[in-house]
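Student: This is a predicted model, with the sequence first.
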Amino acid sequence: MPVIDAQLHCYERNSPERPWHAALTGPEEATGDQTVAMLDAARVDGAILVSAFTMYRYDASYAVEVQKRHPGRFALVKPVDPANPAVAEVIAEWKRTPGAVGVRMLLVRSGLATDAADPGLNRVLKEAARLSLPVNLHIAGRLDQGIELIARNPDTRIVVDHLGLVQPHAPPLPAQPWAELPKVLTLAKAPNVAIKITGACTLSREPFPYDDIWDPVCRIIDAFGIDRCLWGTDWTRAVKFLTHQQGVEAFRITNRISADDKVKLMGGTATRIYGWAPSHASSK
């Protein structure tokens with residue numbers, strides 16, 4: 001079974017040809033070629049390449065270019081704008097894009113409507129369900145709205161971003177980074193919801209291998225089941241806390257998860273949910 005990072009970002013340097021909207025935490029560039037070299041160094045076969053909203057908003061053209069250059073290494077997720085009256089057509093066009101496996105909505109980061117009944121938000125989830133596209137849903141900071149929105153759309157495959165928790169872009173950690181975990185765990189009752197165990201190491205107060213994350217992470221895995229949990233690094237956002245390789249190895253070496261469950265968490269679940277597997281096979 002391949003090892004798949006369930007979320008990372010690629011981007012070019014800020015330039016007049018492809019200007020950034022804002023700066024994302026990370027290096028000045030994280031190109032496709034650089035990212036492939038990084039995956040090779042960490043013995044990771046492929047990744048779900050999430051177009052960087054901070055830099056590019058709803059324009060996924062750079063991610064598409066990267067996937068065309070490395071089709072065996074990346075599948076694509078694109079942020080979509082529920083305030084766009086033509087968002088259903090945008091999603092349908094995205095479905096036809098080679099390598100596209102999902103769409104994304106970021107409730108807080110993109111300043112979307114705060115009402116779970118908002119027609120635009122629900123239009124995205126319903127159209128994605130019609131097209132059998134998973135929706136990556138960033139609900140951290142708006143858990144109550146996210147929980148209600150998910151309940152309104154039981155036929156949509158939802159993948160909750162980043163444990164459903166607010167994660168810092170730089171030290172120090174918030175005083176209680178796991179405080180909203182009990183609320184996140186209520187989503188496990190919904191069978192259409194999976195959850196990304198992405199960026200978890202950035203919530204640690206300890207050095208590598210970040211042993212203090214495992215009690216709360218295992219609560220998530222126990223609640224959702226390993227078949228609804230996807231590991232990932234959230235690279236490059238995690239750069240001020242750890243290296244990409246540390247984010248891989250912390251999960252690879254832990255004894256808190258069985259070998260069989262690691263196979264699912266670190267690739268098997270992503271393959272099943274997104275219907276994609278990398279054609280590259282790294283040496284394990």
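Tutor: Sure, I can see it.
Student: hey, where'd the helices end up in the stretch 151-284 of the chain?
Tutor: In the stretch 151-284 of the chain, the segments counted as helices under DSSP state H, counting those that start in this stretch are 181-185, 214-224, 244-253, 259-263, 269-274.
Student: ok, and the closest non-adjacent residue to residue 160?
Tutor: Sequence neighbours aside, residue 195 is the residue nearest to residue 160 in space, at 4.5 Å (criterion: C-beta to C-beta, 6 or more residues apart in numbering). Placement of C-beta: from N, CA and C, glycine included.
Student: how far away is the one you found from residue 223?
Tutor: Separation of residue 195 from residue 223 (C-beta to C-beta, to the nearest Å) stands at 9 Å.
Student: Same drill for the two, tell me which one is more crowded.
Tutor: Applying other C-beta atoms under 10 Å to residue 195 and residue 223 shows that residue 195 carries more neighbours, namely 24 against 18.
Student: where in the stretch 151-284 of the chain is pLDDT low?
Tutor: Residues of the stretch 151-284 of the chain meeting the criterion pLDDT under 70: 280-284.
Student: For it, just list every one of the strands.
Tutor: 158-160, 193-198, 229-232 (DSSP state E, counting those that start in this stretch).
Student: got those as TSV, with distance to residue 36 columns?
Tutor: Putting those into TSV (distance: least, C-beta to C-beta, whole Å) gives the following:
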stretch	distance to residue 36
strand 158-160	24
strand 193-198	19
strand 229-232	16
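Student: right, so of those strands, which gets closest to residue 183?
Tutor: Across the strands of the stretch 151-284 of the chain, residue 183 has its closest neighbour in strand 158-160 (11.6 Å, C-beta to C-beta).
Student: Return the list of strands paired to that closest one, each annotated with direction.
Tutor: Strand pairing for strand 158-160, using DSSP bridges, gives strand 135-138 (parallel), strand 193-198 (parallel).
Student: circling back: which among the strands of the stretch 151-284 of the chain is found nearest to residue 110?
Tutor: strand 158-160 (16.1 Å).
Student: How about the closest one, which residues are buried there?
Tutor: 158, 159, 160 (16 or more other C-beta atoms under 10 Å).
Student: what's the spacing between the second one and residue 261?
Tutor: Taking C-beta to C-beta as the measure, residue 159 and residue 261 are separated by 18 Å.
Student: can you check the last one too?
Tutor: Distance of residue 160 to residue 261, computed by C-beta to C-beta: 19 Å.
Student: go on, the first one?
Tutor: Counting by C-beta to C-beta, the separation of residue 158 from residue 261 is 22 Å.
Student: So the spatially closest residue to residue 32 that is not a sequence neighbour, which state does it fall into?
Tutor: Excluding the flanking residues, the one nearest residue 32 by C-beta to C-beta, 6+ apart is residue 66, at 3.4 Å. Using DSSP: H, G, I helix; E, B strand; the rest coil, the structure places residue 66 in helix.
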